[in-house]
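Colleague: need coordinates for the following:
(2 chains)
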2 protein chains.
Amino acid sequence: MTTIKDVARHAGVSVATVSRVINETGYVHEDTRRKVEESVQQLNYTPNEVARSLYKRKSRLIGLLLPDITNPYFPQLARGVEDRMQESGFRLIFGNSDESQKKEQDYIQTFVQNNVVGVISSTNDPGTASYRSLKIPVVFLDRISSDRPAVYADGREGGRLAAQQMIQRGSHHITVMQGPIHIRPAQDRFQGAIEVLQDMGIDYHTTQTSSFSFTNADRWAKELFEQYPDTDGVIASNDIVATAVIQEAYRLGKKVPQDVQIIGFDDIPLSSLLSPALSTIRQPAYDMGRAAADLLIQLIEGTAGEQRTIQMPVQFIERETTRKL
Amino acid sequence: MTTIKDVARHAGVSVATVSRVINETGYVHEDTRRKVEESVQQLNYTPNEVARSLYKRKSRLIGLLLPDITNPYFPQLARGVEDRMQESGFRLIFGNSDESQKKEQDYIQTFVQNNVVGVISSTNDPGTASYRSLKIPVVFLDRISSDRPAVYADGREGGRLAAQQMIQRGSHHITVMQGPIHIRPAQDRFQGAIEVLQDMGIDYHTTQTSSFSFTNADRWAKELFEQYPDTDGVIASNDIVATAVIQEAYRLGKKVPQDVQIIGFDDIPLSSLLSPALSTIRQPAYDMGRAAADLLIQLIEGTAGEQRTIQMPVQFIERETTRKL
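Modeller: Model (predicted):
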C-alpha cells in the first residue's frame, strides 16, 4: 500500500508538505502543490482515513447539555454518557443550561465553535431553531421528541406503577405531586398515576411542584400535609421531593409507612440510604446515558438503524416507605 | 483604526482571503499573499487580538477532571467551576478519573490534543509527570499541593470542629471513621479529630473506610456498631457515610441524637433533607470550584499574584443529629 512517505519521496517534498496539500491546512506554493497532486495520482495514493481526520483536526468532541448537574439524577445520566463515549475515544464538553433557553443557545453555539461532532441534550425545547439548524447529529436525553433521536424512560408506565402499588398496599387518600408543567416526562408520569387512580375510583388530590431541585422541596412537603392532612399516600414528583416528604412526615410525628406511604421517582443513589429507605420508581439513568451515547455514535458514524427513539423500562423498587404486601 | 475590511478593500481581495493570509489558515496564491501583505504594511494594520484568536482557533477550552461526578460532593465543585468559567467565556471538557492514574493520563492527553488552555484536577497524584510536564496552567481542586496552585478546604480544622462539637454535646465514646488513606484532605480531617480527642482525654475508636462512595457505605455503618456497640458519637468520613450510619442506627433502634450523635463532612445538598437532618462540617464546595476557576483564569491571563494556594474555611452546621447545647 502506498503511504504518505512514498508520495513525499516521489514528489521530492516533505511529508508535512504532502499533508498540507491533502488536507488544505496551510500555504503551499502552487508549483509544489501541482507536483504533489501528480504524485498522489501516479501512485494511486488514498490517504488513511484515521490519519486524515487527525491531520484535519476533525474533533472527537461531543457536546453534553444537562439542566443542572447538582440535581442528583443528572450525574448518573452524565456518567453513562461519558463511560460509553470514553470507550470510543470521544470526549465531552459539558454545560448546565439551568433550563434557560439563552444559556442553552450560548452553549450550542460554543459547542459548534469547538467543532463538536455531535450533541446530547436534556432540553425542554427540542423543537427550537438551535437544534433544527444544527448540521451535526443530536440525541435528546430524558426528553421526548417525536421526530428526532431521543432516549427516555417510560414515564406513563412509571406513574401507573406508583399508583397501583400505593393502592395495593392500602392507601386510600392519595396525593400526587405534579412535577414541572413544561417537562414532558414529568407530565407523563403524572398522567399515568391519575389514570390508574381514576380507573380505580380512589380519592386523590394533586399538588404542583415547579422544579425537581432541593430549593423549595421542604416547602412543598409542608404545604402538602397542611392542605391535605388526611393523606395516607404520597406519589412524589421525584426522589428529592420524596425525601423532603419523609422529613416533613417525621417532623409531624407521622409514621412511615404505617401512617403514610411514600413513593419517589428516579432511584437516585441516596434513596437506598435514607431512613426509612425510599420505595421508588427506578429510571435506569446510567443505562439511558449509555444508550444515548451509543445512538449518537451510530449517527456520527452513519451506522444508525431506523429505530432512533428509545423508550427505556421503569420498575418499582420496594424499600421501607411502602407497606409489605 | 484600520480594520480587516479596509485591508481587503485596499488589496482588492475578500476579507476571508486577508484572514487566510494573516492566520496562515489556507491556501492563498503567492501573488495575492504579497498584495495583502503590502496592504497590511501600508495601512499599518494590527489584527484585533480577539478576532485573531478566534480565527486561529485558539481554544477557550478548559479540562476538568474529577474522581466521580456521581458522588454528590463533586457536582457542587463542578458547578462552581462551570459558572465561573462561563462568565469568562470558557468551556469545560469534563472527565471522571475514577481515581485511576491510567484514566487520568488518558484524559490529560486528550485535553492537550483538544488544545485546552488550562486544567483543573481533583487528582490523588499531583506530583506525577502527567501534571509536571504540562505546559499549560493547572489548578488542583480539593487536593493539596505545596508547590502547585491549589484550592482546598481546611480539613484539619474541620476534624477539630467535629470532635469539639461531639464532646461539648455530651458524647463519651466516640468512633471516628477514617476516610481513604491516599486522599490527603481526608487524612487531615481525621488527624484534626484525633488531636482534639487525645487532648481532651476522650475514649475513642477508629474505623477505616476506603472510599467516599455509596458502595459499601452501609457495610461500614453495620461493622461500626458491631465492633463498637457502646459508641455514642460517630464522626463520619463524609455525609454519604454519615447517611448510612443514620440508617443503621435507625435499624438497630438507636435514637439519634439521644443514643448516638452523628456528624458528617461536606454538607451535600441532601444532608438538610434527611430525617433527622444531618449535622455536618460544611466545605464550601461551590465556592471552592469558583475559586479554582478564578485562579486558573488568572494563571491563563498572566494576572495571578503570589498567593496560589487557597485554603477555604469550614464550619459546623447544626441540624438534628447532634444534641442541643
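Colleague: how about the residues of the stretch 201-325 of chain A near chain B?
Modeller: Proximity of the stretch 201-325 of chain A to chain B is confined to A:214, A:217-218, A:240, A:243-244, A:246-247, A:249-251, A:269-270, A:272-277 under the rule Cβ under 8 Å from any Cβ of the partner chain. Every C-beta, even on glycine, is put in place using the N, C-alpha and C of the backbone.
Colleague: of those residues, which belong to strands?
Modeller: The members of these all map outside strands under DSSP state E.
Colleague: so of the residues you listed, which ones are in helices?
Modeller: A:217-218, A:240, A:243-244, A:246-247, A:249-251 (DSSP state H).
Colleague: in a markdown table, list these along with distance to A:Asn44 and neighbour count.
Modeller: Output for those, formatted as a markdown table (distance: Cβ to Cβ, whole Å; neighbours: other Cβ atoms under 10 Å in any protein chain shown):
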| residue | distance to A:Asn44 | neighbour count |
| --- | --- | --- |
| A:Ala217 | 67 | 27 |
| A:Asp218 | 72 | 19 |
| A:Ile240 | 63 | 28 |
| A:Thr243 | 67 | 28 |
| A:Ala244 | 69 | 25 |
| A:Ile246 | 71 | 27 |
| A:Gln247 | 73 | 22 |
| A:Ala249 | 77 | 24 |
| A:Tyr250 | 77 | 18 |
| A:Arg251 | 79 | 16 |
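Colleague: mind putting those residues into JSON lines with pLDDT?
Modeller: What follows is those, written out as JSON lines (pLDDT from 0 to 100):
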{"residue": "A:Ala217", "pLDDT": "89"}
{"residue": "A:Asp218", "pLDDT": "89"}
{"residue": "A:Ile240", "pLDDT": "92"}
{"residue": "A:Thr243", "pLDDT": "94"}
{"residue": "A:Ala244", "pLDDT": "94"}
{"residue": "A:Ile246", "pLDDT": "95"}
{"residue": "A:Gln247", "pLDDT": "93"}
{"residue": "A:Ala249", "pLDDT": "96"}
{"residue": "A:Tyr250", "pLDDT": "92"}
{"residue": "A:Arg251", "pLDDT": "92"}
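Colleague: which residue is nearest the centroid of chain A?
Modeller: Centroid-nearest residue in chain A: A:Leu141, 3.3 Å away (criterion: Cα atoms, centre = their mean).
Colleague: my guess is it contacts A:Pro126. True?
Modeller: No: with contact defined as Cβ atoms under 8 Å, A:Leu141 and A:Pro126 do not form a contacting pair (10.5 Å).
Colleague: the stretch 1-150 of chain A: helices as residue ranges?
Modeller: Secondary structure of the stretch 1-150 of chain A by DSSP state H, counting those that start in this stretch: the helices cover A:4-11, A:15-23, A:30-42, A:49-55, A:74-87, A:101-113, A:129-132.
Colleague: where among these is the average confidence lowest?
Modeller: Confidence, taken as mean pLDDT, is least for helix A:49-55 of the helices of the stretch 1-150 of chain A (a mean of 43).
Colleague: most proximal residue of the stretch 101-250 of chain A with respect to chain B?
Modeller: Closest contact between the stretch 101-250 of chain A and chain B, by Cβ to the nearest Cβ, is at A:Tyr250 (3.9 Å).
Colleague: excluding chain neighbours, what is closest to that residue?
Modeller: Of all residues not flanking A:Tyr250 in the chain, B:Ser275 sits nearest, at 3.9 Å (Cβ to Cβ, 6 or more residues apart in numbering or on different chains).
Colleague: could you see whether chain B lies near stretch A:81-90?
Modeller: Yes: residues of stretch A:81-90 contacting chain B under Cβ under 8 Å from any Cβ: A:82-83, A:86, A:89.
Colleague: most neighbours among these, which one?
Modeller: Neighbour counts for the residues of stretch A:81-90 next to chain B were taken using other Cβ atoms under 10 Å in any protein chain shown; the highest belongs to A:Glu82, with 24 neighbours.
Colleague: quick one: that residue and A:Glu318, what's the gap?
Modeller: 30 Å (Cβ to Cβ, to the nearest Å).
Colleague: can you check A:Gln76 too?
Modeller: 20 Å.
Colleague: out of the two, which sits in the busier spot?
Modeller: When A:Gln76 and A:Glu318 are compared for neighbours, A:Gln76 comes out ahead with 22 against 16, by other Cβ under 10 Å.
Colleague: who's in contact with A:Glu37?
Modeller: Going by Cβ atoms under 8 Å, 6 or more residues apart in numbering or on different chains, A:Glu37 touches A:Val21.
Colleague: no wait, A:Arg323
Modeller: Counting by Cβ under 8 Å, 6+ apart, A:Arg323 has contacts A:169-170, A:257-258, A:261.
Colleague: dump those residues to CSV, plus pLDDT, secondary structure and neighbour count.
Modeller: Formatted as CSV, the contacts of A:Arg323 follow (pLDDT from 0 to 100; DSSP: H, G, I helix; E, B strand; the rest coil; neighbours: other Cβ atoms under 10 Å in any protein chain shown):
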residue, pLDDT, secondary structure, neighbour count
A:Arg169, 98, coil, 17
A:Gly170, 97, coil, 13
A:Pro257, 97, coil, 23
A:Gln258, 97, coil, 9
A:Gln261, 98, strand, 22
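Colleague: and the residues you listed, which two are furthest apart?
Modeller: A:Arg169 and A:Gln258 (11.3 Å; Cβ to Cβ).
Colleague: ok so, going back, what bridges to the residue nearest to the centre of chain A?
Modeller: For A:Leu141, the beta-bridge partners are A:Val151 (DSSP bridges).
Colleague: contacting residues around it?
Modeller: A:77, A:81, A:120-122, A:150-152, A:288-289, A:292.
Colleague: one more time with 10 Å, if that's ok
Modeller: A:64-66, A:74, A:77-78, A:80-81, A:120-123, A:149-152, A:285, A:288-289, A:291-293, A:295-296 (Cβ atoms under 10 Å, 6 or more residues apart in numbering or on different chains).
Colleague: from A:Arg282, how far out is the residue nearest to A:Gln168 when sequence neighbours are not counted?
Modeller: In space, and not counting its chain neighbours, A:Gln168 is closest to A:Leu325: 6.5 Å by Cβ to Cβ, 6+ apart. Per Cβ to Cβ, A:Leu325 is found 18 Å from A:Arg282.
Colleague: which of those two has more neighbours?
Modeller: Neighbours were tallied for A:Leu325 and for A:Arg282 using other Cβ under 10 Å; the higher tally belongs to A:Arg282 (20 against 8).
Colleague: I figured A:Thr3 was touching A:Val15, is that so?
Modeller: Yes: contact criterion Cβ atoms under 10 Å: A:Thr3 and A:Val15 qualify, at 9.2 Å.
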